[in-house]
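1. here's my sequence, what's the structure:
(2 chains)
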Protein chains: 2
Amino acid sequence: MSDLAGRVKASERRALAKAITLVESTRADHREQADALLTALMPATGNALRLGISGVPGVGKSTFIEAFGLLLLERGHRVAVLTVDPSSSVSGGAILGDKTRMEKLSMDQRAFIRPSPSSGTLGGVAEKTREAMLLCEAAGYDVVIVETVGVGQSETAVAGMTDLYLLLQLPNAGDDLQAIKKGVMELADLVVINKADLDPTAAMRAQAQITSALRLLPTHAHAAPRVLQVSALKAEGIAPLWDALTAQRDARIANGSWAAKRREQSLAWMWERIQAGLRQAFVAHPGVAERLQAATADVREGRTPASTAARQLLAAFRSS
Amino acid sequence: MSDLAGRVKASERRALAKAITLVESTRADHREQADALLTALMPATGNALRLGISGVPGVGKSTFIEAFGLLLLERGHRVAVLTVDPSSSVSGGAILGDKTRMEKLSMDQRAFIRPSPSSGTLGGVAEKTREAMLLCEAAGYDVVIVETVGVGQSETAVAGMTDLYLLLQLPNAGDDLQAIKKGVMELADLVVINKADLDPTAAMRAQAQITSALRLLPTHAHAAPRVLQVSALKAEGIAPLWDALTAQRDARIANGSWAAKRREQSLAWMWERIQAGLRQAFVAHPGVAERLQAATADVREGRTPASTAARQLLAAFRSS
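-> Okay, the predicted model is just below:
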């Protein structure tokens, strides 16, 4: 493990890929090795800007990430792209897709693209992606992009593991409302209207509409999100966007909220995993397992109060 | 216990009050008695319309509930009013306050008013209120109003235990935005603009604004919420409001969503209590307790990955 840790820190791509495969494994011995590896690498983590990106299908996410990633490489950064997609086990993985859709970025040695873990619940996929993010940081990638296709609650999971969250929007009127309805707009630190070149008037109108819609939403902890226009295809507006992101980062580092958010995220992650583990142990417990179905039916049909059923099941769990 | 159950079912007010005190107790032997009592009474529960009501201080909640409750008594109903207020332990309880602020209602034998349990977390207060609600149903109250003062997430808790949720609003422009910002508007099945008589023009404007604001929100599972005007002080608009509520109820009973929602609520309640119980057992476990502080510090400061810390703590919990 210490050899692998050393090679990850030396930024060997193969070692990084192998390390990520290790943290994705569900085998108990792999899991132990992964924990040892992660713990060894922790001092080398935390130095990247962690950027979440989401947007509906068709918004041009891949084209955007390619244009954005290439600009970052040009500026001397090293970029890792990870994906949270709990549906990828259904669709059969997206390795080929990811590399094809970001052709230039994937061919560059300073970029690292890794598709979503191909199985698991959102909680499990998110955990593996978080760990992959730490490994990428240890390997010296100083911008880690975590993108999501917006399945279920994946946007919330991605916002919970990144420093800044960028929402891609199309320049049409209905789109912004969808994002508000899904509660995704609330997560955004920055809203980007992509394909702005196709219809500048619509893009301008969308910018105004989204800006005014954002006023309806809960005050953001740090700053009201800005709305910018870009054309990823023509690589227009990408540099100003990067400037806006780094300005937000610098302001938050200066006022201490950057580090505070990371501490909160880590603790929330720990408790989320504990809760998931407790629930797993609970339903797997023989005494609970033999009672759970009947208790569920009793509660559902109003024969037992929910709180009484909960107490009885908890008592069965404890008496082992 | 079977004596107390019989007296609750016979609608003895003292027995009901005693039964609620029993479910509110934290003593283990009381808790066992309470579970036995609740289980015995379950067949007699479920027959009330469970109505959640919230609104900011000053909106006239007590005046509204008094006017609304008196109309219901007039129509032959029996009304119970419960409160979810996790802050009441701080303010020292509100028994006197509740009875004073709903003077006529509290003096009527067909009404039953019970203040919030005076201690505990929101989860604990909500659980006791849910159980009190079941006891009121068993005692024959066919409309149970659960009101909340809007502390923390109490609106969500109340919406999670009631059939219909009514949001009281003032006839001014800023108010509706507050409710949207807090995510409370999304819970409402009906929005009521109180004090509409004070400034009919403002009330009309508020009605239009809130109606249009509601279009921004996630589609309600059953029907878009209606916005009505009332004057609780003059008892105006209360009867049309009751008609609107019963129309919603009848439509949902007809399409099956009424019963489905209750089943979902009961199961969600059971799992919420299980999760809370597991977490409680977890932090109280000696092996966890001795490691938790150090693990929390390690995760917070980035020395241990959150997922690794979670696994180690879970391992400590299991090895007892």
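
2. quick one: the residue nearest to the spatial centre of chain A from A:Arg31, how far?
-> Closest residue to the average C-alpha location of chain A: A:Val158 at 2.5 Å, with CA atoms, centre = their mean. Distance of A:Val158 to A:Arg31, given as CB to CB, to the nearest Å: 23 Å. All C-beta atoms are positioned from the backbone trio N, CA, C, and that covers glycine.

3. then A:Ala244?
-> Per CB to CB, A:Ala244 is found 40 Å from A:Arg31.

4. off-centre distance for the longest helix anywhere in chain A?
-> Looking across chain A with DSSP state H, the single longest helix is helix A:257-284. Between the centre of helix A:257-284 and the centre of its chain there are 15 Å (CA atoms, centre = their mean, to the nearest Å).

5. between it and helix B:257-284, how many degrees?
-> If you take axes from the mean of the first three to the mean of the last three CA atoms, to 10 degrees, helix A:257-284 sits at 100 degrees to helix B:257-284.

6. can you tell me the SS state at the nearest residue to A:Thr304 once chain neighbours are set aside?
-> Spatial nearest neighbour of A:Thr304, excluding adjacent residues (CB to CB, 6 or more residues apart in numbering or on different chains): A:Asp298 at 4.0 Å. Classification of A:Asp298 using DSSP: H, G, I helix; E, B strand; the rest coil returns helix.

7. for the record, mean pLDDT for stretch A:155-167?
-> Stretch A:155-167 comes out with an average pLDDT of 94.

8. ok, now which ones touch the nearest residue to A:Gly58 once chain neighbours are set aside?
-> Nearest non-adjacent residue to A:Gly58, counting by CB to CB, 6+ apart: A:Leu170, 7.1 Å away. Contact analysis of A:Leu170 by CB atoms under 8 Å, 6 or more residues apart in numbering or on different chains lists A:Val56, A:Gly58, A:Val59, A:Ile193, A:Asn194, A:Lys195, A:Ala206.

9. which ones among those residues are found in strands?
-> Among the contacts of A:Leu170, the ones falling in strands (DSSP state E) are A:Ile193.

10. buried members of the contacts of A:Leu170 into PyMOL, please.
-> The PyMOL selection below is limited to those of these classed as buried (16 or more other CB atoms under 10 Å in any protein chain shown):
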select buried, chain A and resi 56+59+193+194+195+206
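
11. now the contacts of A:Leu170 as a markdown table including distance to B:Gly6 and pLDDT?
-> As requested, these are exported to a markdown table (distance: CB to CB, whole Å; pLDDT from 0 to 100):
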| residue | distance to B:Gly6 | pLDDT |
| --- | --- | --- |
| A:Val56 | 59 | 82 |
| A:Gly58 | 65 | 83 |
| A:Val59 | 64 | 88 |
| A:Ile193 | 67 | 92 |
| A:Asn194 | 68 | 92 |
| A:Lys195 | 71 | 91 |
| A:Ala206 | 66 | 86 |
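
12. one step back: Three-state assignment for the residue nearest to the centre of chain A, please.
-> Applying three-state DSSP: A:Val158 is helix.

13. and it, how far is that from B:Ala196?
-> Distance from A:Val158 to B:Ala196, by CB to CB: 44 Å.

14. what's the answer for A:Arg7, then?
-> Distance of A:Arg7 to B:Ala196, given as CB to CB: 72 Å.

15. same deal with A:Thr21?
-> Counting by CB to CB, the separation of A:Thr21 from B:Ala196 is 64 Å.

16. which of the two has more residues huddled nearby?
-> Taking other CB atoms under 10 Å in any protein chain shown, A:Thr21 and B:Ala196 do not tie; B:Ala196 has more neighbours (23 against 14).

17. nearest spatial neighbour of A:Val191, chain-adjacent residues omitted?
-> Of all residues not flanking A:Val191 in the chain, A:Val227 sits nearest, at 4.5 Å (CB to CB, 6+ apart).

18. tell me which helix or strand the one you found sits in.
-> Assigned by DSSP states H and E, A:Val227 belongs to strand A:226-229.

19. how far does that strand sit from its chain's centre?
-> Counting by CA atoms, centre = their mean, strand A:226-229 comes out at 21 Å from the chain centroid.

20. ok, now stretch A:3-18?
-> Computed by CA atoms, centre = their mean, the chain-centroid distance of stretch A:3-18 equals 22 Å.

21. and that stretch, which residues are buried?
-> A:Leu4, A:Ala5, A:Arg7, A:Val8, A:Lys9, A:Ser11, A:Ala15, A:Leu16, A:Ala17.

22. just stretch A:264-271 next, same as before
-> A:Gln265, A:Ser266, A:Trp269, A:Met270, A:Trp271.

23. list the buried residues of whichever strand or helix holds A:Pro240.
-> According to DSSP H and E, A:Pro240 maps onto helix A:238-255. For helix A:238-255, a neighbour-count test (16+ other CB under 10 Å) marks A:Ile238, A:Leu241, A:Trp242, A:Ala244, A:Leu245, A:Gln248, A:Arg249, A:Arg252 as buried.

24. and what of stretch A:291-306?
-> Buried residues in stretch A:291-306 (16+ other CB under 10 Å): A:Arg291, A:Leu292, A:Ala295, A:Thr296, A:Asp298, A:Val299, A:Arg300, A:Gly302, A:Thr304, A:Pro305, A:Ala306.

25. keep only those of the buried residues of stretch A:3-18 that are in helices.
-> Counting by DSSP H, the buried residues of stretch A:3-18 place A:Leu4, A:Ala5, A:Arg7, A:Val8, A:Lys9, A:Ala15, A:Leu16, A:Ala17 in helices.

26. how about low-confidence regions in the stretch 101-250 of chain A?
-> A:173-182, A:216-224 (pLDDT under 70).

27. how about the strands in chain A?
-> A:49-54, A:79-84, A:111-114, A:143-148, A:164-169, A:190-193, A:226-229.
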